[in-house]
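[1] Provided below for reference: sequence and predicted model.
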2 protein chains.
Amino acid sequence: MPELRKDPVSGRWVIISIERGKRPSDFGMRVSPKKGGFCAFCEGNERTTPPEIMASRPNDSKENTPGWTLRVVSNKFPALNIEGELNREGDGMFDKMNGVGAHEVIIECPDHNLTLSTMPLESVEGALRAFQSRIKDLKNDKRLKYVLVFKNEGDDAGASLEHTHSQLIALPIVPHLVQEEIVNAKQYYNYKERCIFCDIIRQETASKKRVISENDEFIALAPFAPRSPFETIIYPKRHESSYMLNDNAGHLAQMLQQTLKQMDKVLDMPPYNMMFHTSPFKDEINDYYHWHIEIMPKLTKIAGFEWGSGFYINPTPPEEAAEFMRAAEI
Amino acid sequence: MPELRKDPVSGRWVIISIERGKRPSDFGMRVSPKKGGFCAFCEGNERTTPPEIMASRPNDSKENTPGWTLRVVSNKFPALNIEGELNREGDGMFDKMNGVGAHEVIIECPDHNLTLSTMPLESVEGALRAFQSRIKDLKNDKRLKYVLVFKNEGDDAGASLEHTHSQLIALPIVPHLVQEEIVNAKQYYNYKERCIFCDIIRQETASKKRVISENDEFIALAPFAPRSPFETIIYPKRHESSYMLNDNAGHLAQMLQQTLKQMDKVLDMPPYNMMFHTSPFKDEINDYYHWHIEIMPKLTKIAGFEWGSGFYINPTPPEEAAEFMRAAEI
C-alpha cells in the first residue's frame, strides 16, 4: 500500500510509492564524465569572468590573477541586476517590480575536476565562510530581503558549466517556499511554544530510522516526506534561526562533505541541487525558524502530476534511503 | 532590466529575465523520433494492459479486443491504490494516511504515431468527454476529494511510454497548488465580489498582448507570470467553476488542438505537460473559481534556485511567446 505523508514544515504531501520501491541501482548511471576544454572558472582564466567580488588568496596574489583558493564573481548572465530602483508597479490587476537583486557565483576550488565531495575539506569550509561573508555584505543593501544560496551539480541538475560552483541570488522579496515554511513554523510555535524543527530533530534522534549521520553540532536526516529519493537535510542540532549566526563552519563542512560522499557512493555521483534555507533579513533572530541545508539528488522527473498538484511521487521510502546512506563505506 | 512578476492567482513570483531573452529556436531541437517496437497501448495488444475501465467502440466490438477508438485502463504501476481504508494516522508529530486513490490511463487514439495535436479532432473531443465520464464515476467514491487530469508528452516531460496517453490521479486530499489557487481566488472574491479569473480574462481580452487565440467559448492566454517559456492557459470565456459543468467538448477540442499545433510549429514538437485545474468535489459550483487547462512545454530545467525558492526564472516574456504562437501557420 502506498503511503501519503505530509511534511509538517511545508505542509506539502508526498506519495511514498512503495510498490514502485526503487533501490539505488534502479536509478541508473547518472555520471557524465567531464569534457574539459576551456573553462572560465579554472586558474589562469580569471580575466574571462566578471571581476572578482572577493577571493581567498593565501599568498596575497593580485586580484583577478592566479593564486586563489576561492573566488566570488558576478554571474555573467544574471537573473537579476544590482543597479536600478526597486519600483513596485501595478499593470491593471497584475503586480510587477524591477528585477533588482544580485546574482553571484562562488567558485570553491580552482581544480576543474574536483567537486564539493572530493575537494579538500578546508575548501568546503572556506566556501561556507564565503557564503556568510557575501550575505553579510548584501544585507547592507536595504532593497534586499533574502539571499538564497544554492548549488547545481551536474548537467541534469541544471549546471551550465562543469567546473563546480555555488550561486547566490539576493532577492527583494522572500521566496515563496521559505515564506511557506515560516508561516507554518510560526503557527506551530504559537501553539506549542517550541520550534517545529527542534521537535523534528528530537523525534528523529529518538527513533533513529531516518538519521543518516551526526557530529557534535549537526545532524543529517532523510526527511519524513521527501520530495525526491535520497533527499537529505542538514540541521544545526541546537536551535539557530539564521545561517548568519553560525560559527561552526568546520563541523558543517565535515557533515556536508560526508553527506555528499555518501550520496556519491550510494548513487554513483548523482547530479544534485543544494539549497540553504534561513530566516529573512528582517527577522533574523527568532525562536520559530531553524536554518538548514536541503540536498536533492536529481533522480526522478517532474511531470504533469507534480506541476498540477504540487505533490510529489517518491519511489524510495526515506527509511530505506537513510539505511543505504548509513551503510555507505566512504 | 529583468522584471519580477507576480501571478495573481497562485501568488507565485517569476523572474522574466529579458537579458537572457530566448527565441523559440534557442531552445534547440527537442523532438526525439518514436522508436516503435512492442507497445501495450497499440491496437491488438489489449490483453497486455490491465482490463479496460471504459472504451469507445463504434462497432460494438468486445471489451479488451481491437476495434476501439479510446480506452481507459488502470495504470499498471499505480501511484495510489483504489482498495483499502483511508486511515489517517499520526506518527509522533508526523501525519500520514493510506495511499488510497485511483490512477488511470486514457489512451485517446489507437495509432502509435499520433499525438493530441495530430489525431482526428473527434478523438480529442472523445478524450475530453472520457475525462468527464471518469471523474463523474470516481466522484461516487466518498473517500476521494479531487481528480487531477494530466498528460506527459515526450520523454523529457516524464512520459514513460511513447504512445500518447493522458492520466488521471484521484486523490483523498485537494492538491496543494489547487488549494493555493482556491484560497487566493476566495480572498479576491471576498474583496471584489468578482471571479479573479474572469477579471484576468477581461483585462487580457482588452489588452490583447498575451492572447494567443479564442473561439466562441474558449480563450488561450500566455499568463502574465508564466513559470516557463510558452506556458499557455486555456479558460472557458464564461464563468464556470468546474470542468464537470462544461458541455462544450467540441469547442474545447478545437481550442486545445489548435494550441498544441501552434506549439508544435513554433517549438518543433516540444515535450510538454498538460494539467486540468478544477473545483474540488465538495464545492463544485461556486462563484470564485474558474476551471482551466495549463500547458507547459518542457524547455528549461528546474534547478537549485527553483527548488529552494518556489520562484521560476523564465527567459521568454509571455508577450513575445504569444506573438510567436499567434504567428504560427498551422
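    Arrived safely. Being a predicted model, the structure only gives us computed values, none of them experimental. Numbering: from 1, shown residues only, chains lettered A, B, ... in the order given.
[2] Helices of the stretch 201-330 of chain A, start to end?
    Taking DSSP state H, counting those that start in this stretch as the criterion, the stretch 201-330 of chain A carries its helices at A:249-267, A:304-309, A:318-327.
[3] which one of those has the most crowded surroundings?
    helix A:304-309 (a mean of 24; mean count of other C-beta atoms under 10 Å in any protein chain shown). (Each C-beta comes from the backbone N, C-alpha and C, glycine too.)
[4] Can I get it in PDB, CA atoms only?
    What follows is helix A:304-309, C-alpha atoms only, in PDB (Å, rounded to 0.1, in the frame of the first residue of the first chain):
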ATOM      1  CA  GLY A 304       2.300  16.700 -15.100                       C
ATOM      2  CA  PHE A 305       1.200  15.300 -11.700                       C
ATOM      3  CA  GLU A 306       3.800  17.300  -9.900                       C
ATOM      4  CA  TRP A 307       3.200  20.500 -11.900                       C
ATOM      5  CA  GLY A 308      -0.500  20.200 -11.500                       C
ATOM      6  CA  SER A 309      -0.700  19.200  -7.800                       C
END
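[5] That one - what's its average pLDDT?
    Computed over helix A:304-309, the mean pLDDT rounds to 97.
[6] any idea which helix or strand of chain A has the worst average confidence?
    In chain A, no helix or strand scores lower on mean pLDDT, DSSP states H and E than strand A:88-91, which sits at a mean of 92.
[7] Mind giving me the packing neighbours of that strand?
    Helices and strands touching strand A:88-91, by 3 or more C-beta pairs under 8 Å, 6 or more residues apart in numbering or on different chains; DSSP states H and E, are strand A:94-98.
[8] which secondary structure elements does the helix or strand following the strand it packs on contact?
    Following strand A:94-98 in sequence order, the next helix or strand is strand A:102-107 (DSSP states H and E). On a contact count with 3+ C-beta pairs under 8 Å, 6+ apart, strand A:102-107 meets strand A:70-74, helix A:121-138, strand A:166-171.
[9] Tell me what angle strand A:102-107 forms with helix A:121-138.
    Calculated by axes from the mean of the first three to the mean of the last three C-alpha atoms, to 10 degrees, strand A:102-107 forms an angle of 160 degrees with helix A:121-138.
[10] how far out from the middle of the chain is strand A:102-107?
    Chain-centre distance of strand A:102-107: 14 Å, with C-alpha atoms, centre = their mean, to the nearest Å.
[11] looking only at pLDDT, what's the mean for that strand?
    pLDDT averaged over strand A:102-107 gives 98.
[12] Just checking: what are the partner strands of it?
    In the sheet, strand A:102-107 lines up against strand A:70-74 (antiparallel), strand A:166-171 (antiparallel) (DSSP bridges).
[13] Let's check: the centremost residue of chain A is which one?
    The centroid of chain A falls nearest to A:M275 when counting by C-alpha atoms, centre = their mean (1.7 Å).
[14] so it bridges to which residues?
    Beta-bridge partners, per DSSP bridges, of A:M275: A:F150, A:E294.
[15] Also A:Q167?
    A:V105, A:F150.
[16] looking at it, it is touching A:N75, isn't it?
    Yes - here A:Q167 reaches A:N75: they are 6.8 Å apart, a contact under C-beta atoms under 8 Å.
[17] Common neighbours of those two, please.
    Common neighbours of A:Q167 and A:N75, using C-beta atoms under 8 Å, 6 or more residues apart in numbering or on different chains, are A:103-105.
[18] looking at it, A:L128 is touching A:D247, isn't it?
    No - using C-beta under 8 Å, A:L128 is not in contact with A:D247, being 10.5 Å away.
[19] Among these two, which residue is more densely surrounded?
    Just comparing A:L128 and A:D247: by other C-beta atoms under 10 Å in any protein chain shown the higher neighbour count belongs to A:L128, 23 against 11.
[20] Could you tell me the model confidence score at the nearest residue to the more buried one once chain neighbours are set aside?
    Leaving out its chain neighbours, the residue that sits closest to A:L128 by C-beta to C-beta, 6 or more residues apart in numbering or on different chains is A:A249, at 4.4 Å. pLDDT for A:A249: 98.
[21] Could you check how far A:A249 is from A:W307?
    37 Å (C-beta to C-beta, to the nearest Å).
[22] likewise A:C42?
    Taking C-beta to C-beta, one finds A:C42 at 37 Å from A:W307.
[23] Could you do A:D60 as well?
    Distance from A:D60 to A:W307, by C-beta to C-beta: 51 Å.
[24] Would you mind listing what in the stretch 151-300 of chain A touches chain B?
    A:151-152, A:156-159, A:167, A:169, A:171-173, A:175-178, A:180, A:196, A:199-200, A:203, A:207, A:224-225, A:273-277, A:294, A:296 (C-beta under 8 Å from any C-beta of the partner chain).
[25] Of the residues you listed, which count as buried by neighbour count?
    A:151-152, A:156-159, A:167, A:169, A:171-173, A:175-178, A:180, A:196, A:199-200, A:224-225, A:273-277, A:294, A:296 (16 or more other C-beta atoms under 10 Å in any protein chain shown).
[26] and which of the shared contacts of A:Q167 and A:N75 is nearest to chain B?
    Checking the shared contacts of A:Q167 and A:N75 against chain B with C-beta to the nearest C-beta, the nearest one is A:H103 at 9.3 Å.
[27] Could I get the contacting residues of that closest one?
    Counting by C-beta under 8 Å, 6+ apart, A:H103 has contacts A:74-75, A:78-80, A:167-170.
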